[in-house]
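1. For reference, the sequence and a predicted model appear below.
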Amino acid sequence: MILLKISNSSEVVASKIGKFLESLTPDALDQSTVEDIVMAKLIENLKAEGLKGEVAAVKGLDLEDSEIVLREAARVRRHEHF
């Protein structure tokens, strides 16, 4: 299993839509938007390599140093088969 943590989603959104508009969007929305874009590109690239599997965005799960931490009741926000 591979776990990917994106830590600069607000900065990425700000660079794409501008600082003012980014300041109007909640950080959680920025995180979800960037996760969805990364998932779509990841699936596209993995399919191109002939790989099959599943990818999920999970809310309530965090990665700190070398530990996985449950912040709240973990739930799958988005799940895709490829």
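-> Nice, thanks for sending it over. Numbering: from 1, shown residues only.
2. The most centrally placed residue in the chain: what secondary structure?
-> Nearest to the geometric centre of the chain sits Glu35, at 2.4 Å (Cα atoms, centre = their mean). Put simply, Glu35 is helix when judged by DSSP: H, G, I helix; E, B strand; the rest coil.
3. Quick check: the gap between Arg77 and Glu49.
-> Separation of Arg77 from Glu49 (Cβ to Cβ, to the nearest Å): 25 Å. (Each C-beta comes from the backbone N, C-alpha and C, glycine too.)
4. same deal with Asn8?
-> 26 Å.
5. quick one, which of those two is more surrounded?
-> Each of Asn8 and Glu49 has its neighbours counted (other Cβ atoms under 10 Å); Asn8 has more, 11 against 6.
6. List phi and psi for the more buried one.
-> In terms of degrees, to the nearest 10, the main-chain angles of Asn8 are phi -130, psi 40.
7. before we move on, what about Ile6?
-> In terms of degrees, to the nearest 10, the main-chain angles of Ile6 are phi -100, psi 120.
8. Would you map the helices across this structure?
-> Along the chain, counting by DSSP state H, helices occupy 9-17, 19-24, 27-48.
9. I'd like those helices laid out as JSON lines, including distance to Val69 and mean pLDDT.
-> Putting the helices of the chain into JSON lines (distance: least, Cβ to Cβ, whole Å; pLDDT from 0 to 100) gives the following:
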{"stretch": "helix 9-17", "distance to Val69": "18", "mean pLDDT": "78"}
{"stretch": "helix 19-24", "distance to Val69": "27", "mean pLDDT": "66"}
{"stretch": "helix 27-48", "distance to Val69": "16", "mean pLDDT": "89"}
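10. For Ala57, find the nearest of these.
-> Smallest distance to Ala57 across the helices of the chain (Cβ to Cβ): 4.6 Å, for helix 27-48.
11. what helices or strands is that closest one leaning on?
-> Helix 27-48 makes packing contacts with helix 9-17, strand 54-64, strand 67-81 when contacts are defined by 3 or more Cβ pairs under 8 Å, 6 or more residues apart in numbering; DSSP states H and E.
12. how about 6 Å then?
-> If contacts are counted by 3 or more Cβ pairs under 6 Å, 6 or more residues apart in numbering; DSSP states H and E, helix 27-48 sits against helix 9-17.
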